[in-house]
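In: what's the 3D shape of this:
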Amino acid sequence: MGFPGTWMTESESMVYRVVPKCACSTIGQIMYYSDHGQFFDGDIHDAEGGLHKWNQDHSRAPITANVAAQRSLTFTCVRNPYARILSSFFDKICGIQRNGRRYRGNLVPLLIQRYGIEVGDPETGFEFDQIRSFRRFLLFARDTIRWRRPMDPDIHWSDMSGHVSTLITNGGRYNQIFWTESFNDGMQTVLDAVETPKPVDLSAIPRFNESEGHGPKRAHPVEAYFDDLSMHLVYEMYHRDFHLFRYDFENPANKMPTGEIDLDEIHAKLGD
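Out: Reported below is the predicted structural model:
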């Protein structure tokens, strides 16, 4: 299986396991900058050079050798499951993608037909009932995760634990896992622990939110989207994420973690 979703700087200063919807664009650009002293011109997911990625044939051998030997600091970043699934809905289901089309071609028409979801239209300012549509999307996301119908779960809403676990089960080990909600503190700890070819001033780094501006703005606070049934569905999908990464399932309004991440526990529970 190897190390899917793994990125590494060309200098091998650090290794990062991408978790979609968890500041991955910003982290990728910081890694690129730390080697080259400039940002990649475009979406870092489109970069085919300047950064080792598992999906590039020439990168697989150096990533495998590094991770297997645990030579470099290895890290990832996670996010509150309530905010993450909501972000996936607005970006991937409602938003127009960078190619100017809807995400995954016929996915949105399928959701409209089978689940009664509305997504709005850029021509009319994306006017639709966001709460009702999001709750119907949750039913679809749960169906993909629990029964793999009408499709396999997408990487943007499959659980974070599943992404994080692949590196562990194939012989890697994390030195650090931090939260997007405390991004600067977490990323600074990573940078303090490594030597990079180019210095990185984190306070001067912009946030690279590649999905921003391509879809509707969220009209309500996070907690407004989750009633009792929605919370039940979210827990069904993401119970491991809540427990391992210390997020508050009981209160969708509380985006902050409630305790420290235990790396030994994560390696033990996700390494089977």
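
In: okay, CA-based contacts and neighbour counts for the rest of this
Out: Fine.

In: the residue nearest to Phe249 when sequence neighbours are not counted and Val78, how far apart?
Out: For Phe249, ignoring the flanking residues on the chain, the nearest one in space by Cα to Cα, 6 or more residues apart in numbering is Phe242 at 6.4 Å. To Val78, Phe242 is 11 Å away according to Cα to Cα, to the nearest Å.

In: so which of the two has more stuff around it?
Out: More crowded of Phe242 and Val78, by other Cα atoms under 10 Å: Val78, with 24 against 21.

In: thinking the more buried one is in contact with Gln176, fair?
Out: No - counting by Cα atoms under 8 Å, Val78 does not reach Gln176; the two are 11.0 Å apart.

In: ranges for the strands of the stretch 51-200 of the chain?
Out: Here the stretch 51-200 of the chain has its strands, by DSSP state E, counting those that start in this stretch, at 51-53, 73-78, 176-179.

In: outside of the second one, which residues touch it?
Out: By Cα atoms under 8 Å, 6 or more residues apart in numbering, the list of residues contacting strand 73-78 from outside reads 13-19, 22-23, 67, 160, 164, 173-180, 190, 193-194, 245.

In: the residue lying closest to Glu10 once chain neighbours are set aside: what's it in contact with?
Out: The shortest distance from Glu10 to any non-neighbouring residue, by Cα to Cα, 6+ apart, is to Leu51 (5.5 Å). Leu51 sits next to 7-10, 31-32 when contact means Cα under 8 Å, 6+ apart.

In: just name the closest of those to Arg104, please.
Out: Closest approach between the contacts of Leu51 and Arg104, by Cα to Cα: Trp7, at 23.6 Å.

In: what number of residues lie near that closest one?
Out: Trp7 has 24 neighbours, counted by other Cα under 10 Å.

In: who does it bridge with?
Out: Note on Trp7: beta-bridge partners Tyr16, Lys53, judged by DSSP bridges.

In: ok so, going back, isn't there a helix covering the residue nearest to Phe249?
Out: Yes - assessed with DSSP: H, G, I helix; E, B strand; the rest coil, Phe242 lies in a helix.

In: now Ile145: closest residue in space that isn't a chain neighbour?
Out: Pro153 (5.2 Å).

In: follow-up on the earlier one: just the buried residues out of the contacts of Leu51, in PyMOL syntax.
Out: Restricted to buried positions by 16 or more other Cα atoms under 10 Å, the PyMOL selection for these reads:
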select buried, resi 7+8+9+10+31+32
